[in-house]
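Engineer: what follows is a predicted structure for the sequence shown.
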Number of protein chains: 2
Amino acid sequence: MASDPAAARAGAVLDIDLAGIVENWRLLARQADPALCAAVVKANGYGLGAVPVARALLAAGCRMFFVATLDEGIALRAGLGGAPEIAVFNGPLPGTAADFTAHALIPVLNEPGQIAEWAALALCVLRDAPLPGQAAAILHVDTGMARLGLDACEFAAVVANPPPFAWRAVISHIACADRPDHPLNERQRARFAAAVAQLPGVPASLAASSGIFLGPSYHFDLVRPGAALFGVNPVPGRPNPLRQIVRLRAKIVQVRQIDRGQSVGYGAAHVMKTPGRAATVAVGYGDGWLRSLSHRGCGYLAGARVPLLGRVSMDLVTFDVSAVAPELAHPGAMIELLGAQYGVDDAAADAGTIGYEILCALGSRYHRVYRESSAIPFPE
Amino acid sequence: MASDPAAARAGAVLDIDLAGIVENWRLLARQADPALCAAVVKANGYGLGAVPVARALLAAGCRMFFVATLDEGIALRAGLGGAPEIAVFNGPLPGTAADFTAHALIPVLNEPGQIAEWAALALCVLRDAPLPGQAAAILHVDTGMARLGLDACEFAAVVANPPPFAWRAVISHIACADRPDHPLNERQRARFAAAVAQLPGVPASLAASSGIFLGPSYHFDLVRPGAALFGVNPVPGRPNPLRQIVRLRAKIVQVRQIDRGQSVGYGAAHVMKTPGRAATVAVGYGDGWLRSLSHRGCGYLAGARVPLLGRVSMDLVTFDVSAVAPELAHPGAMIELLGAQYGVDDAAADAGTIGYEILCALGSRYHRVYRESSAIPFPE
């Protein structure tokens, strides 16, 4: 640490275990076998860096990646080179279809206007230089999200009048995959299977992280895990089969003695019931450490749980370190905010949200360290 | 719009009114006159870009800027050149004092260890090349936050044994400045005034955005507005004296008809009570559009309020556009998420947070447009 100037300057260090992400992908791929296993790295790889994550998964054998937006696709293509398939969930916004072919991106076509725009472009591309699979697109059928994707009528129209390009795949999203007993799951599966039957020979993909654990009938030809790659539990209420792959440690800026009855932080919202020692670290909601963790979150210092005191500030969070020996709580010492003892799902529960949001919010001021091998343990 | 490829590719456009920020700074400076008015641009200028914001304020006459971290200070110095003063609230983390002098940054010294580290460095600097004001630092005394800053004993020790460098200023933070009737305000002001009296000739600074509106006795020599520059109301419950300076517009990806009883989004958490039309836009909590806005936020389409439906997804949000004429709700049309009708404080109230967090969370996928002149209105 001390030898790395960037780490010395930073208020917090975010360790990202690429080998752990690869292990998680392999576990998910085994779970879905014989379906193929893609990887979803949208929102900059759930906040962890789409390019380094995807490079590690590419080396492990992953051949298809999903992002949300065109710009994410362009950046990922630049980072990965020409080999893997990269699909873009949001599809072509008006006037952007040519950008997809320029960067060899596969659009997910969600509604009739996107199909029309892609068809117009495909007619030109295929006339100029017809190649197998060129101008292929993914068809999104809605089966119960009512967000993006063709409705039943629109899908019937596409089946009746096939467009002038090939379907690389047909996909849908499950709304309640994290609740195996929800009746919508089977309804969505059945609707999707019926749609797939109308497109013989087109690979089908329904399941994301949680969907993989709904059983083989949800796997079809391709699964698309995202959050589970990064340690979010795809089976809430059951033991998490995936590894935690992030560790976030924040540096103590100052430790102080606080009297009984003294208030801490903005709004004087926390009042000390007993005298104690408080350590303030250089992380705040300006780093995506959500303000809804005020009064509720915790950290770990030298193995001991230290409760969060008062409100999360923009650049600072204060913890009660009264239970930790004074020689262990000093400026420069690190309080672990995410790790083996308090994972992304734990922080999410305290913040009233889901692990996905905790990951996506991880801030740009953290010093990021990518660990290529699990053989190198996290530093203590 | 159509002529800008980057804007065409982006799912959302964030307009930042630099002229409005300058106007807000001038209003705050008049309010604080004769105290000087600095500008706080930490957390990357509250999510809006520290360098472009500070450049605009520098051109308007602002001569002192505050950031939170050393890396922010280094980046701002690179962006602004050598003229203005740049102070760093978090001060030197262990081993980083030399970085401050290398980039002409003024550290805020928060605790005895930071003072000791700075004193050791100052002895070397002043011996090698003594210049007036060189190695100056800002002293932070705590008056009631119990976060960073010297306590009363530590302050007395500093007064008794002055360090081998000059104090550029002495500062403190107010915990409850947004609640003018809170008794802690006057206690903090009195404690600060007593400390200032111990450091004759050292400029004093207590008030940030809300503190400026607590009255002249809170102004001392320098005020440090941050959030108010960016349109956050410094006087909650009273009319906002500042201008809204951000406008966020998200593009519709798809519009669909939804039947009565159909559910929308993840968790099937919203069920339509009547048939309607829903528009899904390319923004989500992966862009910092907080998930706590689920079921509660709204947007504006063609001047009409459109309620947010269901949960905020990572990359998508759905709005009920039933009340808007179908020809105005189509893919590529923009739903305004922040603007004159729904400002940062409105979004914060719906999200259960404060405008500061809404700003800091503004995402990296937005296409950002900086408007230098208010004479150029936001496009309709």
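Structural biologist: Alright, I've got the coordinates.
Engineer: next one: the longest helix seen in chain A to chain centre, how far?
Structural biologist: Determined from DSSP state H, the single longest helix within chain A is helix A:112-128. Distance of helix A:112-128 from the chain centroid (C-alpha atoms, centre = their mean, to the nearest Å) equals 31 Å.
Engineer: helices and strands around that helix, which ones?
Structural biologist: helix A:97-102, strand A:106-109, helix A:152-160 (3 or more C-beta pairs under 8 Å, 6 or more residues apart in numbering or on different chains; DSSP states H and E). Where C-beta positions appear, they are placed from N, C-alpha and C, glycine not excepted.
Engineer: need the next SSE after that helix, C-terminal direction.
Structural biologist: strand A:137-140 (DSSP states H and E).
Engineer: give me whichever of the helices and strands packed on helix A:112-128 is most buried.
Structural biologist: Comparing the helices and strands packed on helix A:112-128 by mean neighbour count (mean count of other C-beta atoms under 10 Å in any protein chain shown), strand A:106-109 ranks first with a mean of 25.
Engineer: and it, what does it pack against?
Structural biologist: strand A:85-88, helix A:97-102, helix A:112-128, strand A:137-140.
Engineer: could I get the phi/psi values of residue A:203?
Structural biologist: With angles defined as degrees, to the nearest 10, residue A:203 sits at phi -60, psi 150.
Engineer: swap that for residue A:215, please
Structural biologist: phi 110, psi 160.
Engineer: ok, it - how many residues close by?
Structural biologist: For residue A:215, the neighbour count with other C-beta atoms under 10 Å in any protein chain shown is 12.
Engineer: residue A:37 and residue A:226 touch, don't they?
Structural biologist: No - Residue A:37 is beyond contact range of residue A:226, at 11.6 Å (criterion: C-beta atoms under 8 Å).
Engineer: mind listing what's buried in the longest helix of chain A?
Structural biologist: Along helix A:112-128, these residues count as buried under the neighbour rule (16 or more other C-beta atoms under 10 Å in any protein chain shown): A:112, A:113, A:114, A:115, A:117, A:118, A:119, A:121, A:122, A:125.
Engineer: ok and the residue in the stretch 151-300 of chain A nearest chain B?
Structural biologist: residue A:286 (3.2 Å; C-beta to the nearest C-beta).
Engineer: that residue contacts residue B:360, doesn't it?
Structural biologist: Yes - between residue A:286 and residue B:360 a contact is recorded at 4.5 Å, counting by C-beta under 8 Å.
Engineer: distance check, residue A:238 against residue A:206.
Structural biologist: 21 Å (C-beta to C-beta, to the nearest Å).
Engineer: do residue A:68 as well
Structural biologist: In this view, residue A:68 and residue A:206 are 18 Å apart by C-beta to C-beta.
Engineer: more neighbours, those two?
Structural biologist: residue A:206 (30 against 26).
Engineer: quick one: residues contacting that one.
Structural biologist: A:143, A:171, A:172, A:173, A:174, A:188, A:189, A:192, A:218, A:219, A:220 (C-beta atoms under 8 Å, 6 or more residues apart in numbering or on different chains).
Engineer: among those residues, which ones are in strands?
Structural biologist: residue A:171 (DSSP state E).
Engineer: need the contacts of residue A:206 in TSV with neighbour count and pLDDT, can you?
Structural biologist: Formatted as TSV, the contacts of residue A:206 follow (neighbours: other C-beta atoms under 10 Å in any protein chain shown; pLDDT from 0 to 100):
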residue	neighbour count	pLDDT
A:143	26	97
A:171	27	98
A:172	26	98
A:173	26	97
A:174	23	97
A:188	25	98
A:189	22	98
A:192	25	98
A:218	24	98
A:219	22	98
A:220	24	98
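Engineer: tell me, what residue is most central in chain A?
Structural biologist: Nearest to the geometric centre of chain A sits residue A:46, at 3.0 Å (C-alpha atoms, centre = their mean).
Engineer: right, and it touches residue A:357 too?
Structural biologist: No - look at residue A:46 against residue A:357 with C-beta under 8 Å: they stay out of range, at 9.7 Å.
Engineer: distance of residue A:319 from residue B:345?
Structural biologist: 29 Å.
Engineer: more neighbours: which of the two?
Structural biologist: Set residue A:319 next to residue B:345 and count neighbours by other C-beta under 10 Å: residue A:319 wins out with 28 against 19.
Engineer: for residue A:6, give me its contacts.
Structural biologist: By C-beta under 8 Å, 6+ apart, the contact set of residue A:6 is residue A:367.
Engineer: look up phi and psi at it.
Structural biologist: The phi/psi pair for residue A:6 (degrees, to the nearest 10) is phi -60, psi -40.
Engineer: so which of the buried residues of helix A:112-128 is the closest to residue A:331?
Structural biologist: Nearest to residue A:331 among those is residue A:114, at 54.3 Å by C-beta to C-beta.
Engineer: kindly report the residues of the stretch 101-250 of chain A close to chain B.
Structural biologist: Neighbours of chain B within the stretch 101-250 of chain A, by C-beta under 8 Å from any C-beta of the partner chain: A:110-111, A:113-114, A:142, A:144-149, A:151, A:175-176, A:179, A:182, A:184.
Engineer: restricted to helices, list these.
Structural biologist: Short answer: those in helices (DSSP H) are A:113, A:114, A:184.
Engineer: may I see those arranged in TSV, with pLDDT as well?
Structural biologist: TSV is the format used below for those (pLDDT from 0 to 100):
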residue	pLDDT
A:113	97
A:114	98
A:184	96
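Engineer: residue A:22: which of those residues is nearest?
Structural biologist: residue A:184 (32.5 Å).
Engineer: run through who's touching the host helix or strand of residue A:58.
Structural biologist: Under the criterion of DSSP H and E, residue A:58 resides in helix A:50-59. Residues outside helix A:50-59 that contact it (C-beta under 8 Å, 6+ apart): A:16, A:18-19, A:21-22, A:25, A:39, A:41-42, A:44-45, A:62, A:65, A:67, A:72, A:75-76, A:79-80, A:83-84, A:229, A:370, A:372.
Engineer: mean pLDDT for the helices and strands packed on strand A:106-109: which is lowest?
Structural biologist: Of all these, the minimum mean pLDDT falls on helix A:112-128 (a mean of 89).
Engineer: angle of it against helix A:152-160?
Structural biologist: 20 degrees (axes from the mean of the first three to the mean of the last three C-alpha atoms, to 10 degrees).
Engineer: name the residues that touch helix A:112-128?
Structural biologist: Helix A:112-128 is contacted from outside by A:91-92, A:94, A:97-98, A:101, A:107, A:109, A:134-135, A:137, A:150, A:154, A:157-158, A:163-165, B:330-331, using C-beta under 8 Å, 6+ apart.
Engineer: go again using 6 Å as the cut-off
Structural biologist: Residues outside helix A:112-128 that contact it (C-beta atoms under 6 Å, 6 or more residues apart in numbering or on different chains): A:91, A:92, A:97, A:101, A:109, A:135, A:137, A:154, A:163, A:164, A:165, B:331.
Engineer: which is the next helix or strand following the longest strand along chain A?
Structural biologist: As assigned by DSSP E, the longest strand anywhere in chain A is strand A:246-258. For strand A:246-258, the succeeding helix or strand toward the C-terminus, using DSSP H and E, is strand A:263-264.
Engineer: is chain B contacted by that next one?
Structural biologist: Yes - counting by C-beta under 6 Å from any C-beta of the partner chain, chain B has neighbours in strand A:263-264: residue A:264.
Engineer: could you see whether chain B lies near the helix or strand following that strand?
Structural biologist: Later in the chain than strand A:263-264, the nearest helix or strand by DSSP H and E is strand A:270-271. No - Strand A:270-271 does not reach chain B (C-beta under 6 Å from any C-beta); its nearest approach is 8.8 Å.
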